[in-house]
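**Q** here is my input; please provide its structure:
(one chain, ligands or ions: 3)
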Amino acid sequence: MATTYATVTWDQLHRDARLLAETLIPRGPFKGIVAVTRGGLIPAAIIAREIDCRLIETISVVTYDEEHQGKPQVVKAPVAAGDGEGFLIIDDLVDSGVTAQVVRQLLPKALFACLYAKPSGKPLTDMFVVEVPQETWVLFPWDTAPLFIPPLARKAETAG
Ligand SMILES: O=P(O)(O)OC[C@H]1O[C@H](OP(=O)(O)OP(=O)(O)O)[C@H](O)[C@@H]1O
Ligand SMILES: Nc1nc2[nH]cnc2c(=O)[nH]1
Ligand SMILES: [Mg+2]
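**A** Ligands and ions are numbered 1, 2, ... in the order given. Got it, this is the predicted structure:
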(Lines give C-alpha, C1' and ligand atoms only; values in the text may rest on other atoms or scores of the structure.)
(Ligands and ions follow the chains in the order given, each with its own letter.)
Protein backbone atom coordinates (compact mmCIF):
# COMPACT_ATOMS: atom_id res chain seq x y z
CA MET A 1 0.00 0.00 0.00
CA ALA A 2 1.23 3.54 -0.77
CA THR A 3 2.60 5.53 2.14
CA THR A 4 0.57 8.52 3.23
CA TYR A 5 1.93 11.25 5.49
CA ALA A 6 0.51 12.77 8.64
CA THR A 7 2.11 16.09 9.53
CA VAL A 8 2.22 16.93 13.22
CA THR A 9 2.76 20.62 14.03
CA TRP A 10 4.52 21.91 17.17
CA ASP A 11 1.11 23.03 18.52
CA GLN A 12 -0.45 19.63 17.94
CA LEU A 13 2.50 17.84 19.50
CA HIS A 14 2.33 20.10 22.55
CA ARG A 15 -1.43 19.52 22.89
CA ASP A 16 -1.05 15.74 22.54
CA ALA A 17 1.80 15.65 25.09
CA ARG A 18 -0.33 17.62 27.56
CA LEU A 19 -3.27 15.24 26.99
CA LEU A 20 -0.98 12.31 27.73
CA ALA A 21 0.33 14.03 30.87
CA GLU A 22 -3.25 14.47 32.09
CA THR A 23 -3.98 10.74 31.81
CA LEU A 24 -0.64 9.93 33.45
CA ILE A 25 -1.19 11.97 36.63
CA PRO A 26 -3.51 9.37 38.26
CA ARG A 27 -0.92 6.64 37.47
CA GLY A 28 1.84 8.51 39.34
CA PRO A 29 3.72 9.87 41.11
CA PHE A 30 6.74 8.66 39.17
CA LYS A 31 10.31 8.44 40.48
CA GLY A 32 11.50 9.57 37.07
CA ILE A 33 11.06 9.47 33.32
CA VAL A 34 13.07 7.44 30.83
CA ALA A 35 13.04 9.25 27.47
CA VAL A 36 13.63 7.05 24.42
CA THR A 37 16.07 9.11 22.39
CA ARG A 38 15.86 10.85 20.23
CA GLY A 39 12.15 11.11 19.37
CA GLY A 40 11.01 10.79 22.97
CA LEU A 41 13.12 13.70 24.24
CA ILE A 42 10.78 16.59 23.45
CA PRO A 43 7.57 14.76 24.50
CA ALA A 44 9.38 13.72 27.72
CA ALA A 45 10.38 17.33 28.45
CA ILE A 46 6.80 18.56 28.00
CA ILE A 47 5.38 15.75 30.14
CA ALA A 48 8.05 16.20 32.85
CA ARG A 49 7.00 19.82 33.20
CA GLU A 50 3.31 18.93 33.46
CA ILE A 51 3.69 16.11 35.99
CA ASP A 52 6.39 17.98 37.93
CA CYS A 53 9.11 15.36 37.49
CA ARG A 54 12.75 16.42 37.50
CA LEU A 55 14.62 13.13 37.15
CA ILE A 56 15.09 12.29 33.46
CA GLU A 57 17.05 9.25 32.29
CA THR A 58 17.50 8.22 28.66
CA ILE A 59 17.75 5.04 26.64
CA SER A 60 18.98 4.92 23.08
CA VAL A 61 18.07 2.00 20.82
CA VAL A 62 19.31 1.83 17.26
CA THR A 63 17.17 -0.34 15.02
CA TYR A 64 17.86 -1.26 11.44
CA ASP A 65 15.46 -1.63 8.53
CA GLU A 66 14.59 -5.05 7.08
CA GLU A 67 17.16 -4.59 4.34
CA HIS A 68 20.02 -4.39 6.88
CA GLN A 69 18.64 -7.18 9.09
CA GLY A 70 20.63 -6.10 12.16
CA LYS A 71 19.55 -6.76 15.71
CA PRO A 72 18.45 -3.66 17.63
CA GLN A 73 21.34 -2.24 19.63
CA VAL A 74 21.07 -0.47 22.97
CA VAL A 75 23.72 2.23 22.63
CA LYS A 76 22.85 3.91 25.96
CA ALA A 77 21.32 1.96 28.84
CA PRO A 78 18.94 3.60 31.35
CA VAL A 79 21.12 2.79 34.38
CA ALA A 80 19.41 5.19 36.79
CA ALA A 81 16.06 3.47 36.30
CA GLY A 82 16.96 -0.03 37.58
CA ASP A 83 14.27 -2.48 36.51
CA GLY A 84 11.92 0.41 35.80
CA GLU A 85 9.91 0.26 39.01
CA GLY A 86 8.21 3.61 39.54
CA PHE A 87 9.51 4.97 36.23
CA LEU A 88 7.65 6.22 33.20
CA ILE A 89 8.99 5.54 29.69
CA ILE A 90 8.17 8.13 27.03
CA ASP A 91 8.60 7.80 23.26
CA ASP A 92 7.09 9.82 20.43
CA LEU A 93 5.62 6.81 18.63
CA VAL A 94 5.45 3.05 18.24
CA ASP A 95 5.43 1.63 14.72
CA SER A 96 6.53 -2.04 14.39
CA GLY A 97 6.98 -2.12 18.17
CA VAL A 98 10.62 -3.28 17.94
CA THR A 99 12.00 -0.31 19.90
CA ALA A 100 9.30 -0.60 22.57
CA GLN A 101 9.98 -4.33 22.94
CA VAL A 102 13.69 -3.76 23.59
CA VAL A 103 12.97 -0.95 26.04
CA ARG A 104 10.37 -2.98 27.92
CA GLN A 105 12.73 -5.94 28.25
CA LEU A 106 15.25 -3.69 29.99
CA LEU A 107 12.65 -1.93 32.15
CA PRO A 108 9.95 -4.55 32.78
CA LYS A 109 8.39 -2.68 35.73
CA ALA A 110 8.04 0.72 34.05
CA LEU A 111 4.93 2.20 32.43
CA PHE A 112 5.32 2.78 28.66
CA ALA A 113 3.51 5.77 27.14
CA CYS A 114 3.77 7.44 23.77
CA LEU A 115 1.93 10.04 21.72
CA TYR A 116 1.16 8.09 18.54
CA ALA A 117 0.70 4.35 17.99
CA LYS A 118 0.39 2.24 14.86
CA PRO A 119 -1.52 -1.07 15.13
CA SER A 120 1.58 -3.34 15.23
CA GLY A 121 3.14 -1.42 18.12
CA LYS A 122 -0.05 -0.60 20.03
CA PRO A 123 -0.11 -3.78 22.20
CA LEU A 124 3.34 -2.84 23.56
CA THR A 125 2.11 0.43 25.05
CA ASP A 126 0.33 1.06 28.34
CA MET A 127 -0.96 4.38 27.07
CA PHE A 128 -0.97 6.45 23.89
CA VAL A 129 -2.89 9.46 22.59
CA VAL A 130 -3.67 8.95 18.88
CA GLU A 131 -3.80 5.81 16.74
CA VAL A 132 -2.28 6.16 13.27
CA PRO A 133 -2.77 3.71 10.37
CA GLN A 134 0.15 1.33 9.83
CA GLU A 135 0.88 2.67 6.33
CA THR A 136 0.96 6.31 7.46
CA TRP A 137 4.35 7.96 8.04
CA VAL A 138 4.20 10.51 10.83
CA LEU A 139 6.15 13.68 10.05
CA PHE A 140 7.20 15.32 13.31
CA PRO A 141 7.89 19.05 13.54
CA TRP A 142 11.63 18.34 13.76
CA ASP A 143 11.43 16.39 10.46
CA THR A 144 9.93 19.21 8.42
CA ALA A 145 10.36 22.86 7.38
CA PRO A 146 7.97 25.43 5.87
CA LEU A 147 8.32 25.57 2.11
CA PHE A 148 7.34 28.24 -0.42
CA ILE A 149 4.55 27.02 -2.72
CA PRO A 150 3.86 29.04 -5.92
CA PRO A 151 0.28 30.46 -6.29
CA LEU A 152 -2.10 28.22 -8.21
CA ALA A 153 -2.46 30.82 -11.03
CA ARG A 154 1.30 30.86 -11.61
CA LYS A 155 1.38 27.07 -11.65
CA ALA A 156 -1.33 27.06 -14.36
CA GLU A 157 0.74 29.56 -16.45
CA THR A 158 3.86 27.39 -16.42
CA ALA A 159 1.82 24.27 -17.20
CA GLY A 160 0.70 26.12 -20.37
O1 LIG B 1 8.19 0.76 16.67
P2 LIG B 1 9.42 0.95 15.83
O3 LIG B 1 9.27 0.34 14.46
O4 LIG B 1 10.67 0.48 16.52
O5 LIG B 1 9.55 2.50 15.52
C6 LIG B 1 9.38 3.48 16.50
C7 LIG B 1 10.65 4.20 16.78
O8 LIG B 1 11.16 4.76 15.56
C9 LIG B 1 11.49 6.12 15.77
O10 LIG B 1 12.80 6.22 16.29
P11 LIG B 1 14.09 6.05 15.38
O12 LIG B 1 14.62 4.65 15.57
O13 LIG B 1 13.78 6.45 13.99
O14 LIG B 1 15.17 6.99 16.00
P15 LIG B 1 15.08 8.48 16.57
O16 LIG B 1 14.07 8.50 17.67
O17 LIG B 1 16.47 8.71 17.08
O18 LIG B 1 14.73 9.39 15.44
C19 LIG B 1 10.53 6.58 16.83
O20 LIG B 1 11.06 7.70 17.53
C21 LIG B 1 10.40 5.37 17.73
O22 LIG B 1 11.39 5.37 18.74
N1 LIG C 1 9.25 10.18 11.86
C2 LIG C 1 8.85 8.91 11.93
N3 LIG C 1 9.72 7.98 12.37
C4 LIG C 1 9.27 6.70 12.42
N5 LIG C 1 9.92 5.59 12.80
C6 LIG C 1 9.08 4.56 12.64
N7 LIG C 1 7.89 4.97 12.15
C8 LIG C 1 7.98 6.32 12.01
C9 LIG C 1 7.07 7.32 11.54
O10 LIG C 1 5.91 7.09 11.17
N11 LIG C 1 7.58 8.60 11.53
MG1 LIG D 1 12.88 6.96 18.39
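**Q** part of a helix, is Ala35?
**A** No: counting by DSSP: H, G, I helix; E, B strand; the rest coil, Ala35 is located in no helix; its state is strand.
**Q** so what pLDDT did the spatially most central residue of the chain get?
**A** Nearest to the mean C-alpha position of the chain, by C-alpha atoms, centre = their mean, lies Asp92 at 1.0 Å. On the pLDDT scale, Asp92 is placed at 98.
**Q** the closest residue to it other than its chain neighbours - how many residues pack around it?
**A** Spatial nearest neighbour of Asp92, excluding adjacent residues (C-beta to C-beta, 6 or more residues apart in numbering): Gly39 at 3.7 Å. All C-beta spots, glycine's among them, are computed from the backbone N, C-alpha and C. Counted by other C-beta atoms under 10 Å, the residues lying close to Gly39 total 21.
**Q** quick one, what contacts Gly39?
**A** 91-93, 140 (C-beta atoms under 8 Å, 6 or more residues apart in numbering).
**Q** how about 10 Å then?
**A** By C-beta atoms under 10 Å, 6 or more residues apart in numbering, Gly39 lies in contact with 90-93, 99, 114-116, 138, 140, 142-143.
**Q** list phi and psi for it.
**A** phi -60, psi -30 (degrees, to the nearest 10).
**Q** any idea how far it is from Lys31?
**A** Going from Gly39 to Lys31 by C-beta to C-beta, to the nearest Å gives 23 Å.
**Q** swap in Ser60?
**A** 20 Å.
**Q** ok, Gly40 next?
**A** For Gly40, the distance to Lys31 - C-beta to C-beta - is 17 Å.
**Q** with neighbour numbers in mind, choose between the two.
**A** Gly40 (26 against 17).
**Q** ok, and the closest non-adjacent residue to that one?
**A** Sequence neighbours aside, Asp91 is the residue nearest to Gly40 in space, at 4.1 Å (criterion: C-beta to C-beta, 6+ apart).
**Q** checking my notes, Ala48 in a strand, right?
**A** No: counting by three-state DSSP, Ala48 falls outside a strand, being helix.
**Q** what's the neighbour count on it?
**A** The number of residues packed near Ala48 is 21, by other C-beta under 10 Å.
**Q** tell me the contacts of it?
**A** 17, 21, 30, 32-33, 35, 54-56, 88, 90.
**Q** quick one: the helices in the protein?
**A** Assigned by DSSP state H, the chain shows helices spanning 10-24, 41-51, 98-106, 152-159.
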